[in-house]
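1. Got a predicted structure here, sequence first:
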Number of protein chains: 2
Amino acid sequence: MAREPLTTDRVVATSRDLLVEGGADAVVVREVARRLGVTAPALYRHVSGRDDLLTLLIAACQDEVADACQAAVDGCDAGDHDARLWAATWAFRTWALTNRPEFGLIYGTPITGYEAPKGGPTVVSGRRFGQLFGELFVDLLRVGRLRTLVDDDLDPSLRVDLQHAADSMGLAMRPGELYPFVVGFQRMLGIVSVEVSGHLRWAFEDSEAFTRRQLDDLVADLEQPGSTPTGSTRAG
Amino acid sequence: MAREPLTTDRVVATSRDLLVEGGADAVVVREVARRLGVTAPALYRHVSGRDDLLTLLIAACQDEVADACQAAVDGCDAGDHDARLWAATWAFRTWALTNRPEFGLIYGTPITGYEAPKGGPTVVSGRRFGQLFGELFVDLLRVGRLRTLVDDDLDPSLRVDLQHAADSMGLAMRPGELYPFVVGFQRMLGIVSVEVSGHLRWAFEDSEAFTRRQLDDLVADLEQPGSTPTGSTRAG
DNA sequence: CATGCAGAGTGAACGGTGTTAACAGACGCT
DNA sequence: AGCGTCTGTTAACACCGTTCACTCTGCATG
């Protein structure tokens, strides 16, 4: 029985199985090895340790969620920016709900003592995810469908923070233009995190309808009210 | 050196030190014992195991955050319901930021395989927290300062979910009246979770100004626009 | 006072973990 | 043929949570 070669990919895939079955704590080096028909030290030829394993796992999941959102966006008309933003948002929520442990690993309580390696795989796949949404907002801004703020409407302290953020990312945007993007990211992540964490169980057996409404309101808040009411087309 | 007696309280307090220093993973039975100048099995006279330890720890933290919010509310005029809601909200955020690991333990990624004991200390202290906010909303509703929805404005599926939730909690409220409460809880938790998790670090070095604005907007969304603009009094 | 008992802490042990070190075989290249 | 390199092995170390059998102490009761 010539078993197939032990590769980093297979190690990560098996780790993910364990993650899904029992959460992050269940990703146990020795069990990964067992499932691959190999002893634990063999894994150290492909992965430098458990931390590295989790790093690779996080990066793989981040790539997957970015893929899912990208695919949803690509399924929309290139010109329908409202639909594209909604598609990405809902795809994010859907991926999170069907991949709760993975979502928890990416966006959940940071593992204390664990620090993402600078410039490592997690930050590049994370950046990719951010850029995907960033482009959607830039498109909305370009066609005038983003509800921006006048800078004076921002608290001075917040205004300089946003200006600093725009500068450090090399974006030629005013604080009032960057603001809706940050709000969108923040609220989307919050809505989905709370749903995934199950902290609404006291209210809902199935929180889908509630979450859809929340995301719908969010997108409505971000966009200029106007010509293209997409609400009716959001079949989920 | 007659050391003071080993009590459950001291065990929990030491566990919390470890939690603060190194996160949930660092709460290690043997280390707790070591710090208390005792061997590990001794702890089993006071605590039934590591799960029990975490349960007690979560409950203690939940009590503390509820205390903090209650104290903030009590510091307001009994009749100023707007101020009371804001005080509770900001106290929640402040506690979370100054007690990140504890917050993560309560509201973060659920520890897989761990299930809160039914009717155990965590659910009673959790209920207390919910009731604190619930009463603030009931007060707002009573004095007509809560921005409720007409039931028809809710998706039918969401409407029945809310009705069911109200019934199961024994609340004589219409779905459109319960809705703002759930939204308030959901958005507050989302905003604070995202800030605590650090997933806004790409945008802000210090996210306080942004978070304050987010919470401010949230409260404004929940309340009837009108006579008592509290915004100017929110010095933080 | 003696006795016995319940509570609290101990050491040793079991099975599990992440990780390292020393070793063994297969493969390609000179 | 010989030599490295790559990939796997076994053995070991230092931890972990938990259980068991034991000791010791203090106190109430005869």
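-> That came through fine. Numbers count the residues shown, from 1 in each chain, chains lettered A, B, ... in the order given.
2. Just checking the longest helix along chain A against DNA strand C, any contact.
-> Using DSSP state H to define each element, chain A has its longest helix at helix A:50-74. Yes. Judged by CB under 7 Å from any atom of the strand, helix A:50-74 and DNA strand C are in contact via A:50-51. Every C-beta, even on glycine, is put in place using the N, C-alpha and C of the backbone.
3. From the contact counts, what lies against that helix?
-> Packed against helix A:50-74 by the contact rule (3 or more CB pairs under 8 Å, 6 or more residues apart in numbering or on different chains; DSSP states H and E) you find helix A:8-22, helix A:29-35, helix A:81-98, helix A:100-107, helix A:121-142.
4. On the three-state scheme, A:Leu6 is what?
-> coil (DSSP: H, G, I helix; E, B strand; the rest coil).
5. Am I right that it is in contact with A:Pro41?
-> No. With contact defined as CB atoms under 8 Å, A:Leu6 does not reach A:Pro41; the gap is 12.0 Å.
6. okay, the two: which has more neighbours?
-> Higher neighbour count among A:Leu6 and A:Pro41: A:Leu6, with 16 against 10, using other CB atoms under 10 Å in any protein chain shown.
7. quick one: contacts for the more buried one?
-> Going by CB atoms under 8 Å, 6 or more residues apart in numbering or on different chains, A:Leu6 touches A:36, A:38, A:42-43, A:45-46.
8. which one of these sits closest to chain B?
-> Chain B lies nearest to A:Leu43 out of the contacts of A:Leu6, by CB to the nearest CB, at 20.5 Å.
9. Show the pLDDT at the closest residue to the closest one other than its chain neighbours.
-> Spatial nearest neighbour of A:Leu43, chain neighbours left out: A:Ala33 (5.5 Å); criterion: CB to CB, 6 or more residues apart in numbering or on different chains. A:Ala33 is assigned 98 on the pLDDT scale.
10. Distance check, A:Ala33 against A:Pro121.
-> Using CB to CB, to the nearest Å, A:Ala33 is found at 22 Å from A:Pro121.
11. and if you look at A:Leu36?
-> Using CB to CB, A:Leu36 is found at 21 Å from A:Pro121.
12. ok, now A:Asp139?
-> From A:Asp139 to A:Pro121 the distance is 28 Å (CB to CB).
13. ok, now A:Trp90?
-> Relative to A:Pro121, and taking CB to CB, A:Trp90 is found at 27 Å.
14. now swap in A:Ser197 and tell me
-> In terms of CB to CB, A:Ser197 sits 25 Å off from A:Pro121.
15. Now for the residue nearest to A:Leu43, how many residues are close by?
-> Neighbours around A:Ala33, by other CB under 10 Å: 19.
16. do A:Pro156 as well
-> A:Pro156 has 10 neighbouring residues, counting by other CB under 10 Å.
17. same thing with A:His199?
-> Using other CB under 10 Å, the number of residues around A:His199 comes to 20.
18. Same question for A:Tyr44.
-> For A:Tyr44, the neighbour count with other CB under 10 Å is 12.
19. Could you list the low-confidence segments of chain A?
-> In the prediction, chain A carries residues with pLDDT under 70 at positions A:1-3, A:111-114, A:227-236.
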